[in-house]
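J.: with the sequence up front, the predicted model follows.
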Amino acid sequence: MNDLLNHINDKDLRLIADKIAGNTRITPEDGLLLYKKADLALLGLLAGIVRRKHNGNFAYFNHNFHIEPTNKCIYNCRFCSYHKPEGDPESWEYSHEEMLDIVKRFDNKNVTEIHIVGGVHPSYDLHYWGPLIKRIKEHRPNLHVKAFSAIELDYMITRAGCTIEEGLKLLKGYGLDSIPGGGAEIFDEELRKMICDEKSSSELWLTIHETAHRIGIPSNATMLYGHIETYNHRIDHMERLRTLQDKTGGFNAFIPLKYKKSNNSMSYLGEVNIIEDLRNYAVSRIYLDNFPHIKAYWPMTGKEIAQLSLSFGVDDMDGTIDDTTRIYSMAGSKEEKPAMTTEEICHLIREAGFIPVERDSLYNPIKEW
Ligand code: V47
Ligand code: SF4
């Protein structure tokens with residue numbers, strides 16, 4: 001490896017590369033320099049070092065399905081193509097019965113996880129959502145319920161008059177197993193004001209995840225990139241996550257989400273290109289040295305970029321997903337009806353030179369394929 005690093009001509013980049021190879025944490029300034037100066041090949045090489053340290057040559061996936069209970073939302077994030085106000089002809093809302101019917105469609109299928117996330121419905125608090133989780137668990141006790149972004153949790157818990165800790169404990173009692181990473185967007189307060197003014201603050205997002213970790217609910221974290229943020233903002237976002245992870249160790253995966261431009265009020269910005277996606281995966285892998293997993297959410301990236309990302313620090317392709325998720329197709333993703341068979345996902349992983357491993361929601365290996 002040192003032979004390869006000897007080819008780095010830039011003195012500053014060489015110092016950073018030596019830190020990464022020597023297992024020393026890089027600073028925010030180093031992270032910034034990687035974004036600004038390192039070429040794609042170098043980033044792939046360095047991210048590969050960190051990736052192999054955490055996950056060897058394995059690339060993970062799971063068998064999951066999504067339910068988006070509603071697209072009715074009290075908020076109006078400028079990048080969102082999905083939410084509709086109550087009464088809008090394009091709004092939807094499933095009843096508990098309808099959601100259970102969706103769960104029952106998977107009765108004979110080999111799924112281990114349900115991912116539930118949607119808009120922030122004005123009328124419901126945790127006494128509505130908690131019993132839904134309970135019914136799902138009663139129907140299928142071994143199904144891991146990963147549900148509700150910190151933004152939905154903030155609203156449903158506050159509306160019920162509980163503290164965050166009380167609310168999360170109640171939801172855990174109903175059967176909530178983990179929390180997805182949505183709603184983080186970009187933590188910088190000034191930018192947050194510009195793109196999702198009304199949403200729960202960055203501080204509250206972090207507090208909700210910290211509290212969840214403290215009471216034994218693990219979670220993921222996301223970052224919405226490729227809009228009006230700078231590299232400084234991305235490093236600031238990851239620095240806040242790295243600091244919290246040092247404290248709690250409760251994050252499983254980091255999921256960079258590329259801003260998609262269709263049907264929302266930031267469309268004029270366009271979208272960043274594949275090179276930027278790969279560079280961003282790589283810097284994320286290097287910077288978040290205490291996150292065990294970096295996930296490429298393929299319904300958003302498309303299958304080919306997800307496959308390529310495995311050579312830029314990513315070790316998790318999310319799930320086979322067989323369903324109804326609409327948040328990205330409405331924002332212009334290629335994958336209109338995201339679904340991938342086990343054979344297809346394993347083929348993509350092998351073709352990229354990695355070993356496919358089916359995992360459970362906590363990344364325990366289930367089967368090497
Ligand atoms: O918070 C909304 C993002 C997120 C757009 O934890 C957009 O395993 C791009 O968090 N362009 C929700 N992104 C989805 C989410 C998620 C997805 C997959 C896996 C996991 C996990 C979590 O979607 C929102 C927001 O950041 N989003 N609109 C858009 N136009
Ligand atoms: Fe609502 Fe989430 Fe869309 Fe924001 S991103 S408007 S919180 S559904």
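T.: Here it is on my side, so go on. Numbers count the residues shown, from 1 in each chain. Ligands and ions are numbered 1, 2, ... in the order given.
J.: how confident is the prediction for residue 322, by pLDDT?
T.: Per-residue confidence for residue 322 comes out at a pLDDT of 61.
J.: right, I mislabeled it, should have said residue 334
T.: According to the model's per-residue confidence, residue 334 sits at a pLDDT of 59.
J.: do the one 10 residues further on as well
T.: As summarised for this prediction, residue 344 has a pLDDT of 92.
J.: what residues are up against it?
T.: Residues near residue 344 by CB atoms under 8 Å, 6 or more residues apart in numbering: residue 303. The way it works is simple: take the backbone N, C-alpha and C, and place the C-beta from them, glycine included.
J.: what do you get if the cut-off is 10 Å, keeping everything else the same?
T.: Contacts for residue 344 were tallied using CB atoms under 10 Å, 6 or more residues apart in numbering; they are 303, 320.
J.: phi and psi next, for it.
T.: When read as degrees, to the nearest 10, the backbone of residue 344 gives phi -70, psi -50.
J.: next one: it from ligand 1, what distance?
T.: When CB to the nearest ligand atom, to the nearest Å is applied, the distance between residue 344 and ligand 1 equals 19 Å.
J.: same question for residue 310.
T.: When CB to the nearest ligand atom is the yardstick, residue 310 and ligand 1 sit 17 Å from each other.
J.: burial measure for the closest residue to that residue other than its chain neighbours, as a count.
T.: Using CB to CB, 6 or more residues apart in numbering and skipping residues adjacent in sequence, the residue nearest residue 310 is residue 352, 4.6 Å away. By other CB atoms under 10 Å, the residues close to residue 352 number 17.
J.: so residue 352 makes contact with residue 303?
T.: No - counting by CB atoms under 10 Å, residue 352 stays clear of residue 303, with 11.2 Å between them.
J.: mind listing the shared neighbours of those two?
T.: Overlap between the contact sets of residue 352 and residue 303, as judged by CB under 10 Å, 6+ apart, is given by residue 317.
J.: how about the residue nearest the centre of the chain, what does it touch?
T.: For the chain, residue 255 is the residue whose C-alpha lies nearest the centre (CA atoms, centre = their mean; 3.4 Å). Taking CB under 10 Å, 6+ apart as the definition of contact, the neighbours of residue 255 are 180-182, 184, 220-223, 284, 293-297, 300, 314, 316, 318.
J.: among the residues you listed, which are in strands?
T.: When strands are assigned by DSSP state E, the members of those inside them are 220, 221, 222, 223, 293, 294, 316, 318.
J.: ligand 1 next: which of the residues you listed are close?
T.: With respect to ligand 1, and counting by CB under 6 Å from any ligand atom, the subset of those in contact is 220, 222.
J.: and the ones in strands among the contacts of residue 255, which is closest to residue 345?
T.: residue 318 (9.3 Å; CB to CB).
J.: state the pLDDT value of that closest one.
T.: The score at residue 318 is 90. That number is its pLDDT.
J.: ligand 2 versus that one, what's the distance?
T.: With distances defined as CB to the nearest ligand atom, the gap from residue 318 to ligand 2 amounts to 19 Å.
J.: now residue 307. Nearest residue, chain neighbours left out?
T.: Setting aside the residues directly before and after it, residue 307 is nearest to residue 348 in space (CB to CB, 6+ apart), at 4.5 Å.
J.: can I assume the one you found sits in a helix?
T.: Yes - assignment of residue 348 by DSSP: H, G, I helix; E, B strand; the rest coil places it within a helix.
J.: what parts of the stretch 151-300 of the chain come near ligand 2?
T.: Counting by CB under 6 Å from any ligand atom, the residues of the stretch 151-300 of the chain close to ligand 2 are 151, 196, 199.
J.: let me know the closest of those to ligand 1.
T.: Using CB to the nearest ligand atom, residue 151 is the member of these that sits closest to ligand 1, with 7.3 Å.
J.: which SS state does that closest one fall under?
T.: Secondary structure assignment for residue 151 (three-state DSSP): helix.
J.: ok, the nearest residue to it once chain neighbours are set aside - contacts?
T.: In space, not counting the residues next to it along the chain, residue 151 is nearest to residue 183; the distance is 3.7 Å by CB to CB, 6+ apart. Residue 183 makes contact with 75, 77, 117, 120, 148-154, 196, 199-200, 202, 204-205, 208-209, 221-222, 224, according to CB under 10 Å, 6+ apart.
J.: low-confidence ranges, the stretch 51-200 of the chain, go.
T.: Counting by pLDDT under 70, the stretch 51-200 of the chain has no low-confidence residues at all.
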